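> Have a look; sequence and predicted model below, questions after that.
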Amino acid sequence: MTHTAQLNPLAQRVWVRLLAAHPTWQAHFGENDGDLEVAIPAPAGSKAGHLVIFTDQGEHLWVRYAPPCMCYALDNENEMLSIIDQLLADQAVFVVIMNGNECVETTLVKPGVQPNLQAGQVAHLVSWLGTHDQNIPGPSRL
């Protein structure tokens with residue numbers, strides 16, 4: 001994608017900020033009904049699949065990995081760039097807490113932070129480089 005004319009105002013701002021911070025990513029930019037989607041392939045062996053940054057209906061900004069439920073809402077472009085830097089440096093890890101097949105919560109944590117789990121829940125942690133990937137079971141049900 002080489003121009004922003006068809007993008008909504010939020011998508012245009014995100015495009016400009018991402019391109020300034022990561023100029024080599026331009027080939028991964030796409031447009032859908034005025035919204036921007038950027039999908040950066042993860043390193044070989046990573047369970048993240050892709051780092052995806054996208055706008056939604058010109059009002060919302062998100063970052064996600066490819067596995068189900070790994071989506072995190074961002075407040076603004078400054079937070080977006082900070083979170084992207086942390087994810088790429090493995091200084092932040094996606095956590096999805098599951099209860100069976102139900103997604104209970106998705107968040108980002110620093111490596112080594114243990115999520116608070118209820119009985120029967122499992123936390124799936126995925127880092128960009130795979131360094132901090134793990135599945136953590138919650139306490140046993142009695």
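Nice, thanks for sending it over.
> which non-adjacent residue is nearest Leu88?
Trp128 (5.6 Å; CB to CB, 6 or more residues apart in numbering). In short, each C-beta sits where N, CA and C put it, glycine included.
> For that neighbour, list the residues it contacts.
Contacts for Trp128 (CB atoms under 8 Å, 6 or more residues apart in numbering) come out as Ala42, Pro43, Ser46, Ala48, Leu51, Leu87, Leu88, Ala89, Asp90.
> In this structure the first one contacts Pro67, no?
No: judged on CB atoms under 8 Å, Ala42 makes no contact with Pro67 at a distance of 10.6 Å.
> More neighbours: these two, which one.
Neighbours were counted for Ala42 and for Pro67 using other CB atoms under 10 Å; Ala42 has more, 18 against 14.
> What residues does the nearest residue to that one once chain neighbours are set aside make contact with?
Distance criterion CB to CB, 6+ apart; nearest residue to Ala42, sequence neighbours excluded, is Ala48 at 4.1 Å. By CB under 8 Å, 6+ apart, the contact list for Ala48 reads Ala42, Tyr65, Ala66, Pro67, Met70, Phe94, Val126, Ser127, Trp128, Gly130.
> now Asn135
Contact partners of Asn135, counting by CB under 8 Å, 6+ apart, are Val122, Ala123, His124, Leu125.
> Helix or strand: which one has the first one?
Val122 is part of strand 121-126 when elements are defined by DSSP states H and E.
> so where's the protein shaky on pLDDT?
Filtered on pLDDT under 70, the chain yields the residue ranges 1-3, 142.
> hey, where'd the strands end up in it?
Assigned by DSSP state E, the chain shows strands spanning 29-32, 35-41, 50-56, 60-65, 71-74, 93-99, 102-109, 121-126, 134-137.
> Quick check: which of those is nearest to Trp15?
The closest of the strands of the chain to Trp15 is strand 35-41. By CB to CB, the value is 5.5 Å.
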